[in-house]
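**Q** got a predicted structure plus its sequence, pasted below:
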Amino acid sequence: MAKEGFFEKVYEVAKQIPYGKVTSYGAIARYLGAAGSARMVGWAMNASGKDLEVPAHRVVNRQGLLTGKHHFKGTHLMQQLLENEGVEVKENQIQGFEKYFWDPIKELP
DNA sequence: TGAATGACTTCGG
DNA sequence: CCCGAAGCCATTC
């Protein structure tokens, strides 16, 4: 089995995302020290949904676009989850993304 | 061992 | 301003 060190870190950060907040793959990757490995963050999310319960719906790309939505169970499940948390989303894109953006590098120690 | 993939990001035309 | 291509790193076949 492969090492889950990287994934484990991603899970930790994703779980620490506060309610009604969102972050980007690049931000998490950079926080983990793996700047440039933004794809791996998404990869970790893919694995997270299989075993752990990680709020992957709170993780979006740099544009605040729900790119990972295509990998969710439902079509609008990810969007509904965000809206349920008070995040305004339209056309798979978060409205006022900067307002809901939560940077682990700035928020987490 | 090497090649391919991927829920991103950035630069160039 | 909009679209396309390359780069990145870790995991998987």
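**A** Arrived safely, thanks for sending. Numbers count the residues shown, from 1 in each chain, chains lettered A, B, ... in the order given.

**Q** which residue does chain A bring closest to DNA strand B?
**A** With C-beta to the nearest atom of the strand, the shortest gap between chain A and DNA strand B falls at A:G68, namely 1.9 Å. All C-beta spots, glycine's among them, are computed from the backbone N, C-alpha and C.

**Q** what is the burial count for that residue?
**A** Number of residues near A:G68 (other C-beta atoms under 10 Å) recorded here: 19.

**Q** quick one, what contacts it?
**A** Contact analysis of A:G68 by C-beta atoms under 8 Å, 6 or more residues apart in numbering lists A:42, A:45, A:56-57, A:59-60, A:78.

**Q** type out the PyMOL command that picks the buried ones from those.
**A** When burial is assessed using 16 or more other C-beta atoms under 10 Å, the buried subset of the contacts of A:G68 is captured in PyMOL by this command:
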select buried, chain A and resi 42+45+56+57+59+60+78
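
**Q** so for the helix or strand harbouring A:L81, mean pLDDT?
**A** With secondary structure defined by DSSP states H and E, A:L81 is part of helix A:77-84. Averaging pLDDT along helix A:77-84 gives 93.

**Q** repeat for stretch A:6-15
**A** Mean predicted lDDT for stretch A:6-15 stands at 91.

**Q** hmm, back to that, and which of the contacts of A:G68 is nearest to DNA strand C?
**A** Looking at the contacts of A:G68 and their distance to DNA strand C, the nearest is A:G42, at 9.8 Å (C-beta to the nearest atom of the strand).

**Q** mind checking the SS state of that closest one?
**A** Under the three-state scheme (DSSP: H, G, I helix; E, B strand; the rest coil), A:G42 adopts helix.

**Q** I'd say it and A:Y25 touch.
**A** Yes - judged on C-beta atoms under 8 Å, A:G42 makes contact with A:Y25 at a distance of 5.5 Å.
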